[in-house]
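Participant: Sequence and predicted model, in that order:
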Amino acid sequence: MSLHRLLPLFDRARGSDEPLVLATVIRTGGSTYAKPGAQMLIAADGEYAGLLSGGCLEGDLREHARDVARTGDARIVSYDLRSTTDQLFGLGAGCEGAMDILLTRVGPADDGWQPLTFLESAYRRGDTARVAFVTASRNLAIAVGTSFPADGDFPAFIDADETLHRLHEHARNAADNRVTALPDIDVEIFVAALAPAPRILLLGGGPDARPVTTLGGFLGWRVTVVDHRATYLAPARFAPGTELVESRAADVAGAVTLDDYVAAVVMSHHLDSDLAYLRALAASRVPYVGLLGPAARREKLLADLGADAERLRARLRAPVGLDIGGRAPESIALSIVGEVHAVLAGRGGRPFSEVSGAR
């Protein structure tokens, strides 16, 4: 889920004690814009954050959300657009997919803004979080829409109830982002999983680093920029939330914990600095290492690394980025971020038109 997209609306609503409706995709079939675990927030005035479709479902969801916000009763809204004759809102959406969406009210009177408070806290800390939602129930003690952390200690509402203890135990063992039937207690649950935001390290804070931080921030990544030049580290030069670290290239392993990052891009435009960065990364476990510059520059740096080159070569992407054309800093940033995104997702970065079964 892209929780960072929901937080500004959550902050606004919390400041005005205005309840929100949390929409969570719990089941899909066929080709859909969002997959199970995707979420959006809907405010009383109709404003929403996050997307579950290309815009064709959100208007209808807002109508359902008004009722949920008024009554506090959770509901599941189902859409099936797989029919060739579908005319949702008078338009043929043509999405060829089906989706079940759970709507639950979140507000000051609803267990203190839970589960959003729990998810926000985990996101800020960079931790994994799992929240269980009751999606169907024939058990009078457990209402549809009930939510609680799937791991850790028993939530307060469970207390000494044996049935609820079993519900929590089931949630701990349930698969992520999937509806799980629990016949022994007559309920179904869905466990939404929030993965920590990827941490990306930019080694060099020149002009072409700025658009990388902008795109990374838009995706919810946590981006750190390291440079030895203090003038390059002015906060106004980078996207909000970018961590800035002043350090000599030779000291980078002491300035940041390299193994905390899933990707590092060496882009200082200074040969000696790039060599020092690559030497430090060779001794790290960073799985993706990108190097800006042409192939001839890569070969010189690898030769200068000597034996350290072999520890780095399998992880090195050089020249960094996808071949999308363009020489402007923004195009280079798009190329870099696109490749990092593909690698993190386990994809090859090929056009969808060339991928069999893409949807």
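Facilitator: That came through, no problem.

Participant: alpha carbons only for contacts and neighbour counts from here, please
Facilitator: Will do.

Participant: Point out where the stretch 1-150 of the chain drops to low pLDDT.
Facilitator: Confidence mapping of the stretch 1-150 of the chain against pLDDT under 70 gives the ranges 1, 82-96.

Participant: and with 90 instead?
Facilitator: Along the stretch 1-150 of the chain, segments meeting pLDDT under 90 span 1-3, 29-34, 44-46, 50-60, 79-99, 109-112, 124-127, 139-142.

Participant: same thing with the stretch 251-359 of the chain?
Facilitator: Residue ranges of the stretch 251-359 of the chain with pLDDT under 90: 326-327, 347-359.

Participant: what about the strands in it?
Facilitator: For the stretch 251-359 of the chain, applying DSSP state E, counting those that start in this stretch gives strands covering 263-266, 288-291, 316-317.

Participant: Let's have these in TSV, adding distance to Cys56.
Facilitator: TSV is the format used below for the strands of the stretch 251-359 of the chain (distance: least, C-alpha to C-alpha, whole Å):
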stretch	distance to Cys56
strand 263-266	35
strand 288-291	37
strand 316-317	39
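
Participant: closest one to Ala253 among the ones you listed?
Facilitator: strand 263-266 (12.5 Å; C-alpha to C-alpha).

Participant: The closest one pairs with which strands?
Facilitator: strand 199-203 (parallel), strand 288-291 (parallel) (DSSP bridges).

Participant: could I get these as CSV with mean neighbour count and distance to Met267?
Facilitator: Output for the strands paired with strand 263-266, formatted as CSV (neighbours: other C-alpha atoms under 10 Å; distance: least, C-alpha to C-alpha, whole Å):
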stretch, mean neighbour count, distance to Met267
strand 199-203, 23, 6
strand 288-291, 23, 6
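
Participant: can these go into TSV with extra columns for distance to Met99?
Facilitator: Formatted as TSV, these follow (distance: least, C-alpha to C-alpha, whole Å):
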stretch	distance to Met99
strand 199-203	31
strand 288-291	35
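
Participant: any chance you could map the strands in the stretch 101-250 of the chain?
Facilitator: 129-137, 147-149, 179-182, 187-194, 199-203, 222-227, 243-246.

Participant: who touches the fifth one?
Facilitator: Around strand 199-203, the neighbours that count as contacts under C-alpha atoms under 8 Å, 6 or more residues apart in numbering are 209, 221-227, 260-268, 277.

Participant: chain center to it, what's the gap?
Facilitator: 17 Å (C-alpha atoms, centre = their mean, to the nearest Å).

Participant: Repeat that for the first one.
Facilitator: Counting by C-alpha atoms, centre = their mean, strand 129-137 is centred 19 Å from the centre of its parent chain.

Participant: Out of the strands paired with strand 263-266, which is closest to Thr146?
Facilitator: Thr146 sits nearest to strand 199-203 of all the strands paired with strand 263-266, at 32.3 Å, using C-alpha to C-alpha.

Participant: hey, C-alpha coordinates of the closest one in PDB?
Facilitator: Taking C-alpha atoms only, strand 199-203 is exported to PDB below (Å, rounded to 0.1, in the frame of the first residue of the first chain):
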ATOM      1  CA  ARG A 199      15.700   3.300   1.600                       C
ATOM      2  CA  ILE A 200      17.700   4.800  -1.200                       C
ATOM      3  CA  LEU A 201      21.200   6.300  -1.000                       C
ATOM      4  CA  LEU A 202      22.500   8.900  -3.400                       C
ATOM      5  CA  LEU A 203      26.300   9.300  -3.200                       C
END
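
Participant: That one vs strand 222-227, what angle?
Facilitator: Interaxial angle of strand 199-203 relative to strand 222-227 (axes from the mean of the first three to the mean of the last three C-alpha atoms, to 10 degrees): 20 degrees.

Participant: All set, thanks.
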